[in-house]
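1. Generate a structure from the sequence data that follows.
(one chain, ligands or ions: 1)
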Amino acid sequence: MRKILFFFLVILCISFTYRGAELLYESASYRETYYTHNFNREKLLEIAEEYKYLYENYSKTKYAPISAYRRACIFNNLYRRYKLPHYKSEVVKSLKLLIENYPESWVTKVARRKFRQIIVIPPKRYTVVVDPGHGGKDPGAIGIRGVKEKDIVLKIAREVKKELSRKGIDVYLTRKTDAFIPLSERARIANEKGADVFVSIHCNACNNKKVRGVSTWILNATSDKRAIEIAARENNVPVEKMDDINKIILSLIQSAKLNISKKLAYYVQKDIVRELHGASQGLGVRQAPFYVLVDTRMPSILVEALFVTNPSDARLLSKRAYRRRIAKGISEGIVKFLKERGNVISKSRVTLFK
Ligand SMILES: [Zn+2]
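-> Model prediction:
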């Protein structure tokens, strides 16, 4: 009696596991052939259909998500090999099904990771407004051998535009020629273009000809005498008036913009210094009340690219290769910043399959 019972138990076990085993075997064999043979399109489609069948007929079993996942894998292979957008939509369909029906399954987790690149919505086109300081009747700082800040910064800004455009970013200059544009107008342009980043480009100056280096600035009130002097020059107002401006700035400042601008400034400063290969000093990220940064509604910085009053810095600025390095540093810093922000946004979005 015991023997018969045991026998029945074995039969029962086999019949229970059989379906699963059969499915597992099929899945395993498909996986093997899928990876070891170079199938043509028709064969791959056939296998994908098989998986569809498996998924539909065993949709209540634990193998269902694996079927859906493998189907997505095959379509992805087809999509990548034959570059047919139709297959991309098939991948998305399979994964959507997978993620909707099995949100907690490990396959879903793998799928999310593996297919992130192909599922993500087309990348947003970013807009950067580059502001070459001064222009026209306002020459900016006058440096060694009468070199004018307004001329150098326009050249650097053009290089920045080239670099960023190459990376698929829409770039606008606040001035393309030697024209005078009021500071408020520059901010207005940035807001109107819906810029993601605003960068104002300047060159520094100092009575002490030994002072040199590159610094990146964000808008803030300050009590630092040297910083106030620089901001007074860039704002085109006497230093005595800066006290009032300091107070106004303090009341205007939005802390969200300040924090995000600080991050942008660190990236840009770091990349310019790296691009200069130690040819000049890095003076770090600083804060001062710059008019041009007040009204912009996006992360905004002001770069003081070297000193026109320092012989070594002035020599670097006179060379196209170094102006390009500065421009490259600015561009790379901006791109890093935008990339990081882009990721932060897409992670919190639920538009995975739109
Ligand atoms: Zn300037």
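2. Low-confidence ranges, the protein, go.
-> Within the chain, the set of residues satisfying pLDDT under 70 comprises 1-39, 114-124, 251-254, 342-354.
3. Leaving out sequence neighbours, find the closest residue to the residue in it positioned nearest to the ion.
-> Of the residues in the chain, the one nearest the ion is residue 202, at a distance of 3.3 Å by CB to the ion. (C-beta placed from N, C-alpha, C; glycine too.) Spatial nearest neighbour of residue 202, chain neighbours left out: residue 133 (4.1 Å); criterion: CB to CB, 6 or more residues apart in numbering.
4. cool, residue 249 as well?
-> residue 289 (4.1 Å).
5. Surely the residue of the chain closest to the ion forms part of a strand?
-> Yes. Residue 202: assigned to a strand according to DSSP: H, G, I helix; E, B strand; the rest coil.
6. what about it, how many residues close to it?
-> 29 (other CB atoms under 10 Å).
7. for it, what are its contacts?
-> Counting by CB atoms under 8 Å, 6 or more residues apart in numbering, residue 202 makes contact with 133, 134, 140, 149, 153, 234, 302, 303, 304, 305.
8. Over to residue 129?
-> For residue 129, counting by CB under 8 Å, 6+ apart, the contacting residues are 171, 172, 173, 174, 189, 190, 193, 195, 197, 198, 199.
9. cool, and residue 142?
-> Residues near residue 142 by CB under 8 Å, 6+ apart: 148, 149, 205, 308.
10. Any quick PyMOL command for the buried ones out of those residues?
-> Burial among the contacts of residue 142 is assessed by 16 or more other CB atoms under 10 Å; the matching PyMOL selection reads:
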select buried, resi 148+149+205+308
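11. Dump the contacts of residue 142 into TSV; add distance to the ion and secondary structure as well.
-> Formatted as TSV, the contacts of residue 142 follow (distance: CB to the ion, whole Å; DSSP: H, G, I helix; E, B strand; the rest coil):
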residue	distance to the ion	secondary structure
148	10	strand
149	5	helix
205	8	coil
308	9	coil
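12. Spell out which residues of the stretch 1-150 of the chain are next to the ion.
-> Proximity of the stretch 1-150 of the chain to the ion (CB under 5 Å from the ion) is limited to residues 133, 140.
13. same check, this time on the stretch 151-300 of the chain
-> Residues of the stretch 151-300 of the chain found near the ion (CB under 5 Å from the ion) are 202, 234.
14. where exactly do the strands run in the stretch 151-300 of the chain?
-> 170-173, 197-204, 214-219, 282-288, 300-307 (DSSP state E, counting those that start in this stretch).
15. From the contact counts, what lies against the third one?
-> In this case it means strand 214-219. In terms of contacts (3 or more CB pairs under 8 Å, 6 or more residues apart in numbering; DSSP states H and E), strand 214-219 is packed against helix 255-275, strand 282-288, strand 300-307.
16. again, but for the fourth one
-> Contact analysis of strand 282-288 by 3+ CB pairs under 8 Å, 6+ apart lists strand 214-219, helix 225-235, helix 255-275 as its packing neighbours.
17. how about the last one: buried residues?
-> Within helix 255-275, the residues that qualify as buried are 257-258, 260-273, 275, counting by 16+ other CB under 10 Å.
18. Kindly format the C-alpha coordinates of that helix as PDB.
-> Provided in PDB are the C-alpha atoms of helix 255-275 (Å, rounded to 0.1, in the frame of the first residue of the first chain):
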ATOM      1  CA  SER A 255      18.100  80.400  -3.300                       C
ATOM      2  CA  ALA A 256      17.100  77.600  -5.700                       C
ATOM      3  CA  LYS A 257      18.700  79.400  -8.600                       C
ATOM      4  CA  LEU A 258      21.700  80.100  -6.400                       C
ATOM      5  CA  ASN A 259      22.300  76.500  -5.500                       C
ATOM      6  CA  ILE A 260      21.900  75.200  -9.000                       C
ATOM      7  CA  SER A 261      24.100  77.900 -10.500                       C
ATOM      8  CA  LYS A 262      26.800  77.100  -7.900                       C
ATOM      9  CA  LYS A 263      26.900  73.500  -9.200                       C
ATOM     10  CA  LEU A 264      27.100  74.700 -12.800                       C
ATOM     11  CA  ALA A 265      29.900  77.100 -11.800                       C
ATOM     12  CA  TYR A 266      32.000  74.300 -10.200                       C
ATOM     13  CA  TYR A 267      31.800  72.200 -13.300                       C
ATOM     14  CA  VAL A 268      32.700  75.000 -15.600                       C
ATOM     15  CA  GLN A 269      35.500  76.300 -13.400                       C
ATOM     16  CA  LYS A 270      37.000  72.800 -13.000                       C
ATOM     17  CA  ASP A 271      36.900  72.100 -16.800                       C
ATOM     18  CA  ILE A 272      38.500  75.400 -17.800                       C
ATOM     19  CA  VAL A 273      41.400  74.900 -15.300                       C
ATOM     20  CA  ARG A 274      41.900  71.400 -16.700                       C
ATOM     21  CA  GLU A 275      41.900  72.600 -20.300                       C
END
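19. Next, the angle strand 197-204 makes with that helix.
-> 50 degrees (axes from the mean of the first three to the mean of the last three CA atoms, to 10 degrees).
20. Residue 268 touches residue 303, doesn't it?
-> Yes. The pair residue 268 and residue 303 qualifies as a contact (CB atoms under 8 Å) at a distance of 6.6 Å.
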